[in-house]
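**Q** What would the 3D arrangement of this be:
(one chain, ligands or ions: 1)
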Amino acid sequence: MARLLLVEDETALRRSMTKGLEEEGHEVLTAVSGDEAVLISTREPLDCIILDLLLPDGDGIELLRRLHQLNPHTCILIITAYATVENAVEAFKAGAFDYIVKPVIFADLLNKLDRLYQFRSLYFENQTLRRELARKEGLDDVIGSSDAGAHLLRTWVSGLS
Ligand code: CA
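**A** Numbering: from 1, shown residues only. Sure thing, here's the model as predicted:
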């Protein structure tokens, strides 16, 4: 169904999430640290990264920002122990698509993944439509610079929730 990178240093949680996701048909790669996550994400094409913000090797938000910069088309779902408005805002600014709070409820994770894939397919559909439109009108330079497109994406996302 999709190719995921799960970044989680807690062995039991990582194993149970991997098992559950594989049973749902996902291909799951795993990393136990930020360094490993960065390495894998630069080598492997990924649809989604599920990232625990509390890892042994460094600041989770910094890692999130880095992963997002390296993989701008990969949706990142974060796992956090504490959900506060400040944390959420900081995480979204750094590139998170959505977040789940520990303890991880598996059904909740699956719902968020569904929403994320819906968004992704709409996003790529939108890119394709814009390319076609640009070709028709000879306006290739419009691609990637449209505020209207960004607005449309935001509208879609809010409609999905
Ligand atoms: Ca952790």
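**Q** Would you mind listing what in this structure touches the ion?
**A** Residues of the chain lying close to the ion (Cβ under 5 Å from the ion) are 9, 52, 54. In short, each C-beta sits where N, CA and C put it, glycine included.
**Q** where in this structure is pLDDT low?
**A** For the chain, the stretches with pLDDT under 70 are 1, 138-161.
**Q** Go again with 90.
**A** 1-2, 58-59, 73, 80-89, 117-161 (pLDDT under 90).
**Q** Would you state the strands of it in chain order?
**A** With strands called from DSSP state E, the chain shows them at 3-7, 27-31, 48-52, 75-80, 96-101.
**Q** okay, those in CSV with mean neighbour count next?
**A** Formatted as CSV, those follow (neighbours: other Cβ atoms under 10 Å):
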stretch, mean neighbour count
strand 3-7, 23
strand 27-31, 18
strand 48-52, 25
strand 75-80, 23
strand 96-101, 19
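**Q** could you dump these to TSV with distance to Glu137?
**A** Below are these laid out as TSV (distance: least, Cβ to Cβ, whole Å):
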stretch	distance to Glu137
strand 3-7	35
strand 27-31	39
strand 48-52	34
strand 75-80	30
strand 96-101	31
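**Q** And the longest helix seen in the chain, what's buried?
**A** Secondary structure of the chain read by DSSP state H shows that its longest helix is helix 106-137. Neighbour-count burial for helix 106-137 flags 109, 112-113, 115-116, 119-120, 122-123, 130, 134 (criterion: 16 or more other Cβ atoms under 10 Å).
**Q** What of stretch 60-79?
**A** Those buried within stretch 60-79 under the rule 16+ other Cβ under 10 Å are 60-61, 63-68, 71, 74-79.
**Q** what's the span of it from first residue to last?
**A** Using Cα to Cα, to the nearest Å, one end of stretch 60-79 lies 10 Å from the other.
**Q** and that stretch, how far from the chain's centre?
**A** Chain-centre distance of stretch 60-79: 7 Å, with Cα atoms, centre = their mean, to the nearest Å.
**Q** my read: Phe119 touches Lys112, true?
**A** No. The criterion here is Cβ atoms under 8 Å, and Phe119 misses it with Lys112 at 10.6 Å.
**Q** Between those two, which contacts overlap?
**A** The contact sets of Phe119 and Lys112 do not overlap (Cβ atoms under 8 Å, 6 or more residues apart in numbering).
**Q** residues in contact with Tyr99?
**A** 77-80, 83, 88, 91.
**Q** Check Tyr117 too.
**A** If you count contacts by Cβ under 8 Å, 6+ apart, Tyr117 has them with 2, 47-48.
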